[in-house]
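> fold the stuff below for me.
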Amino acid sequence: MIPAAGLETVIDLVSLRTSQHRSTIAIFDLDGTLFDNRTRTMFILREIAEKYDSACPALAGTFTRFQELSVVDYSLPVTLKRLGVRSRREKDFIEKEWAARFFSDEYQKYDMPLPGAKAYVERVHRAGATVIYLTGRDVGRMLVGTTEVLRLYGFPVGVAGTMTIVKKEFSQNDGLFKREVSGYIDRLGEVVAVFENEPANVNILHARFPGAVSFFVETQHSPGAPRLAPGIPRIKDFLLGGRAARRR
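Have a look, this model is predicted:
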């Protein structure tokens with residue numbers, strides 16, 4: 001286990017292993033980890049409200065005034081409730097239109113990187129680690145957009161020392177997918193760090209790579225998530241400057 005697990009410590013370890021000609025890997029999830037995708041949902045809902053105002057009167061009405069990003073929950077039904085959408089028919093229509101956009105290449109460009117995320121991943125990569133973006137997005141609908149948004153915001157992608165791994169099928173369970181692919185990753189080198197916003201997934205990877213430090217990124221996660229395994233530090237963003245990761 002990496003001692004005094006902190007963001008800067010990971011970079012120091014990668015640099016040390018690189019100087020010893022040893023291969024290291026850092027695994028980063030995307031949604032809720034490197035990127036805040038609430039902005040994607042907010043843009044989509046506003047687009048639906050403007051395009052289908054007659055079919056979505058409650059949603060259209062709520063966008064006549066400014067909406068804080070905090071209104072967006074992990075759960076779309078909760079978000080719509082907060083926005084005052086009560087009609088079952090309207091909610092069904094919005095959910096269908098939202099899903100067609102949210103899980104697509106085109107709308108990922110509306111995600112926003114977490115503070116410090118791009119600079120941190122760049123430093124880890126520059127120190128010598130292979131950066132693996134391990135995401136529950138699927139190859140058929142989201143791989144192109146994933147690559148484009150990483151490139152758009154300046155993350156290392158498509159170059160030596162980077163890899164993007166997505167699901168073959170959208171329907172595959174994220175935890176099962178990450179558990180299965182972890183065996184392949186283990187053969188590539190020493191995993192020194194994992195970054196995840198889903199408690200279930202970070203627990204899986206923490207158990208699979210006990211020699212790495214697995215960071216839990218405190219953004220949003222699916223409801224009913226399990227408790228974090230002991231010893232997993234928590235971070236809210238990727239800003240450095242001496243702030244230590246918190247443990248519980």
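> adjacent strands (with direction) for the longest strand seen in the chain?
Secondary structure assigned by DSSP state E gives strand 130-138 as the longest strand of the chain. Using DSSP bridges, the strands paired with strand 130-138 in its sheet are strand 24-28 (parallel), strand 162-167 (parallel).
> and the following helix or strand past that strand, what does it pack onto?
The C-terminal neighbour of strand 130-138 among helices and strands, as given by DSSP states H and E, is helix 139-152. Where contact means 3 or more CB pairs under 8 Å, 6 or more residues apart in numbering; DSSP states H and E, helix 139-152 is packed against strand 130-138, strand 162-167. Any C-beta I mention is one placed from the backbone N, CA and C, and that applies to glycine too.
> got those as TSV, with mean neighbour count, mean pLDDT and distance to F209 columns?
As requested, the helices and strands packed on helix 139-152 are exported to TSV (neighbours: other CB atoms under 10 Å; pLDDT from 0 to 100; distance: least, CB to CB, whole Å):
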stretch	mean neighbour count	mean pLDDT	distance to F209
strand 130-138	21	97	12
strand 162-167	18	97	15
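> can you lay out the ones you listed as CSV showing distance to L205?
CSV is the format used below for the helices and strands packed on helix 139-152 (distance: least, CB to CB, whole Å):
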stretch, distance to L205
strand 130-138, 8
strand 162-167, 13
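> which of those strands sits closest to T9?
strand 130-138 (16.9 Å; CB to CB).
> just give me the neighbour total for T79.
20 (other CB atoms under 10 Å).
> look at the residue of the chain most remote from its centre and tell me its secondary structure.
Among residues of the chain, the one most distant from the C-alpha centroid is S54; the distance is 34.1 Å, by CA atoms, centre = their mean. For S54, the assignment made with DSSP: H, G, I helix; E, B strand; the rest coil gives coil.
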